[in-house]
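Trainee: Generate coordinates for the sequence data below:
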Amino acid sequence: QVQLVESGGGLVQAGGSLRLSCSASGRTGSTYVMGWFRQAPGKEREFVATISGSGGTTYYASSVKGRFTISRDNAKNTVYLQMNSLKPEDTAVYYCAADVGSLWPERRSDKYDYWGQGTQVTVSS
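Mentor: Model prediction:
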């Protein structure tokens with residue numbers, strides 16, 4: 001079992017920045033593929049970013065590429081999502097997830113085995 005806890009969400013004005021953190025506990029001996037997803041009201045959960053176990057490979061959704069950066073500190077069992085130039089359309093609940101079965105970063109949410117409880121990000125215009 002892997003437990004994931006997100007933090008760092010909040011209210012920010014358009015153009016501002018936030019950094020989300022996802023702390024993992026439990027069976028964290030392996031360096032899992034990690035991902036960030038988000039879900040806005042009335043919409044389906046969508047992929048935001050993913051990172052390989054070593055941190056050497058990352059993928060982003062086209063809507064956030066160039067503005068968001070995913071990173072990880074394996075010594076701290078923590079994954080980060082740095083969000084810059086935030087837009088009102090980035091408003092959503094952000095979830096981190098762990099994929100224990102893949103060697104390569106995945107964009108599909110059904111590939112992920114463990115999920116955090118989510119953290120709200122609200123961007124005002």
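
Trainee: Spatially nearest residue to Ala40 (excluding sequence neighbours)?
Mentor: Spatially, and ignoring its direct neighbours in sequence, Ala40 is nearest to Ala92 (4.2 Å; CB to CB, 6 or more residues apart in numbering). Heads up, the C-betas are built off the backbone N, CA and C, glycines and all.

Trainee: what's around the one you found, how many residues?
Mentor: When neighbours are defined as other CB atoms under 10 Å, Ala92 has 22 of them.

Trainee: Need the residue closest to the centroid of the chain.
Mentor: The structure's the chain has its C-alpha centroid closest to Trp36; by CA atoms, centre = their mean the separation is 2.2 Å.

Trainee: residues contacting the closest residue to that one other than its chain neighbours?
Mentor: Computed as CB to CB, 6+ apart, the closest residue to Trp36 that is not its neighbour in sequence is Val48, at 4.3 Å. When contacts are counted by CB atoms under 8 Å, 6 or more residues apart in numbering, Val48 is found next to Gly35, Trp36, Phe37, Arg38, Tyr60, Ala61, Val64, Phe68, Leu81, Tyr94.

Trainee: want to throw those residues into CSV with distance to Gln13, secondary structure and pLDDT?
Mentor: Formatted as CSV, these follow (distance: CB to CB, whole Å; DSSP: H, G, I helix; E, B strand; the rest coil; pLDDT from 0 to 100):
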residue, distance to Gln13, secondary structure, pLDDT
Gly35, 27, strand, 97
Trp36, 21, strand, 98
Phe37, 24, strand, 98
Arg38, 19, strand, 98
Tyr60, 23, strand, 98
Ala61, 22, coil, 98
Val64, 18, coil, 98
Phe68, 17, strand, 98
Leu81, 18, strand, 98
Tyr94, 18, strand, 98
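
Trainee: among those residues, who's most crowded?
Mentor: Highest neighbour count within these, by other CB under 10 Å: Gly35, with 29 neighbours.

Trainee: On the strand side of things, show who the residue nearest to the centre of the chain bridges to.
Mentor: Ala49, Cys96 (DSSP bridges).

Trainee: Distance-wise, check it relative to Ser125.
Mentor: 23 Å (CB to CB, to the nearest Å).

Trainee: And for Ser7?
Mentor: Noted for Ser7: a distance of 25 Å to Ser125, by CB to CB.
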